[in-house]
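Chemist: Predicted structure and sequence below. I'll ask about it afterward.
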Amino acid sequence: MDNTGSPLYTRQFLVLCLSTFLFFASFNMIIPELPAYLTTLGGEDYKGLIIALFALTAGLSRPISGKLADKIGRVPVMIFGAMVCLCCGFLYPLVGTLAGFFFLRFLHGLSTGFTPTGTASYLADVVAFDRRGEAMGLLGLSNSVGMAFGPVIGAYIAQETSLNTMFYTSSLVAFLAMAMLMSLRETLSNKESFKWPMLRLKANELYEPNVWPPAVVMALSTFSFGAILTVLPDFSVHLGLSNKGIAFSFFTVSSLAVRFVAGKLSDRIGRVFILKISALWLAFSMVLMGFSQEVWYFFMCASFLGLSVGMSSPTVFAWTIDLSHDQYRGRAMATVYIALEVGISLGAFFSGWLYANQASRLPWVFGLGGGLAFLAFAYLQWVLPKALVRD
């Protein structure tokens, strides 16, 4: 679809951004309180599974959501993910066992397995080719604002009222996101009606080979994000912070300052150059974060980490759109999101295992994430150029 020269700030794009803010605020509201909640259920040794199970389901569902986005449309896929968030918020207060909690986290992961895939595909349909980096930066801005405000608001609600009220509020916010998505006009031409056989996947529908390079960078970089989501609440408590969502806010707010600029720069000077800088900065920031002993230093490092994510996220998705074919755009976005979930899942699992509720091990957790971020830089700097020459 060639829409070069079309305006960026259309009603469709603005509604997409606002619904994205609400969607990400919904499921991020509950994250800071989940480790403590799991401890009350007797599962303090399994904190790494909180994020890992969520990300696992998201990753497993990506090939299906990508196929459906290319078959039945972008909007139904987005709405389904928001509906999952809405339902899960009402179900959390009803579970009282570890098995029930982990099943719900597994189910909740379907939300990010569907909505972001449809959202990225929809954005690619309505945004001009030469403004994709800028558009992904603005969409990422919406997602980051939701991630910034969600944890703080969720922790505040939990402290001032109850965990159940926090869960119900999460559902309400998801409902608002879903209502906005229902107002969007479908952009997929020649869409089909849903049929159950669509859920069966052929081997060539599992991933899009054209977007392998951004997928590799995504997986290596998001390992750090999985570690951050898993241990940052406990790290906050270790440093004496009562609100476990504040560090997430420093992390996400700092990414807001750079997303828009990084997206526009990637349109002008290239995706790979921006991704090299962000990978090096992520490696540096992770190592620094592991040695935090003072609150001010902790917040500074969280801000540094946010800057690296703000640079890489819109750039890698814009690069994915550049490399994808129009008819397989949903599959392409799903492929990179699968890489994202693989990175987050492994980061969450291994960081929880390595941390083992011992603060003395935190430098090792963040050092491992930093090492994999450097591998992303190495891939872009030395491996990718040779692969392109062979092709």
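Modeler: Perfect, I can see it now. Residues are numbered from 1 along each chain as shown.
Chemist: low pLDDT regions in the stretch 251-391 of the chain?
Modeler: Applying pLDDT under 70 to the stretch 251-391 of the chain picks out residues 387-391.
Chemist: could you redo the last one with a cut-off of 90?
Modeler: Applying pLDDT under 90 to the stretch 251-391 of the chain picks out residues 251-264, 309-310, 313-314, 324-327, 340-341, 344-345, 348-349, 385-391.
Chemist: host element of the residue nearest the centre of the chain?
Modeler: The centre of the chain sits closest to Leu340, judged by CA atoms, centre = their mean, with a distance of 7.1 Å. Per DSSP states H and E: Leu340 is located in helix 329-355.
Chemist: which parts of stretch 130-139 are buried?
Modeler: Residues 131-139 are the ones in stretch 130-139 that count as buried (16 or more other CB atoms under 10 Å). C-betas here are computed from N, CA, C, even on glycine.
Chemist: ok, now stretch 28-45?
Modeler: 28-38, 41, 43.
Chemist: Hmm, Asp70 and Lys125 touching each other?
Modeler: Quick fix: residue 125 reads Asp, not Lys. No. Under the criterion of CB atoms under 8 Å, Asp125 is not in contact with Asp70, lying 11.2 Å apart.
Chemist: joint contacts of the two?
Modeler: Taking CB atoms under 8 Å, 6 or more residues apart in numbering as the contact rule, Asp125 and Asp70 both touch 188, 329.
Chemist: neighbour-wise, which of those two wins?
Modeler: Using other CB atoms under 10 Å, the more surrounded residue of Asp125 and Asp70 is Asp70, with 24 against 17.
Chemist: is it true that the more buried one touches Arg331?
Modeler: Yes. With contacts counted by CB under 8 Å, Asp70 reaches Arg331, the gap being 6.2 Å.
Chemist: Could you tell me which residues make contact with Phe273?
Modeler: Going by CB under 8 Å, 6+ apart, Phe273 touches Ser266.
Chemist: do you know how far it is from Ala279?
Modeler: 11 Å (CB to CB, to the nearest Å).
Chemist: go on, Leu346?
Modeler: Distance, Leu346 to Ala279, by CB to CB: 17 Å.
Chemist: Please identify which of those two sits among more neighbours.
Modeler: Taking neighbours as other CB under 10 Å, Leu346 and Ala279 compare with Ala279 leading, 26 against 19.
Chemist: What is the end-to-end distance of stretch 80-100?
Modeler: With CA to CA, to the nearest Å applied, stretch 80-100 spans 22 Å between its terminal residues.
Chemist: Mark which of the buried residues of stretch 130-139 are part of helices, please.
Modeler: 132-139 (DSSP state H).
Chemist: Reformat those residues as CSV; add pLDDT and distance to Lys47.
Modeler: Shown next, in CSV, are these (pLDDT from 0 to 100; distance: CB to CB, whole Å):
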residue, pLDDT, distance to Lys47
Arg132, 81, 37
Gly133, 83, 36
Glu134, 84, 38
Ala135, 86, 36
Met136, 84, 32
Gly137, 81, 32
Leu138, 85, 34
Leu139, 89, 30
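Chemist: For Thr112, state which of those is nearest.
Modeler: Of all those, Leu139 has the smallest distance to Thr112: 14.4 Å, by CB to CB.
Chemist: how much space between that closest one and Thr119?
Modeler: Using CB to CB, Leu139 is found at 7 Å from Thr119.
Chemist: Identify the contacts common to the two.
Modeler: By CB under 8 Å, 6+ apart, the residues touching both Leu139 and Thr119 are 16, 20.
Chemist: returning to that earlier point: which helices and strands does the helix holding Leu340 pack with?
Modeler: Using 3 or more CB pairs under 8 Å, 6 or more residues apart in numbering; DSSP states H and E, the elements in contact with helix 329-355 are helix 48-71, helix 110-126, helix 212-238, helix 295-323, helix 362-378.
Chemist: can you give me the offset of the strand or helix carrying Ser26 from its chain's centre?
Modeler: Secondary structure from DSSP H and E places Ser26 in helix 11-28. Offset of helix 11-28 from its chain centre (CA atoms, centre = their mean, to the nearest Å): 13 Å.
Chemist: ok, now stretch 190-199?
Modeler: The chain centroid and the centroid of stretch 190-199 are separated by 27 Å under CA atoms, centre = their mean.
Chemist: Over to stretch 124-142?
Modeler: Distance of stretch 124-142 from its chain centroid, counting by CA atoms, centre = their mean, is 16 Å.
Chemist: CA atoms only for that stretch, dumped as CSV, please.
Modeler: Presented in CSV, the C-alpha positions along stretch 124-142 are these (Å, rounded to 0.1, in the frame of the first residue of the first chain):
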residue,chain,number,x,y,z
ALA,A,124,1.4,0.6,8.6
ASP,A,125,-1.8,0.7,6.5
VAL,A,126,-2.6,4.3,7.4
VAL,A,127,0.8,6.0,7.6
ALA,A,128,3.0,7.3,4.8
PHE,A,129,6.1,5.3,3.9
ASP,A,130,8.5,8.2,4.6
ARG,A,131,7.0,8.8,8.1
ARG,A,132,7.0,5.3,9.6
GLY,A,133,9.7,6.0,12.1
GLU,A,134,8.0,9.1,13.3
ALA,A,135,4.6,7.3,13.5
MET,A,136,6.1,4.4,15.4
GLY,A,137,7.8,6.9,17.7
LEU,A,138,4.4,8.5,18.5
LEU,A,139,2.6,5.2,18.9
GLY,A,140,5.5,4.1,21.2
LEU,A,141,5.0,7.3,23.1
SER,A,142,1.4,6.4,23.8
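Chemist: Cheers, nothing more for now.
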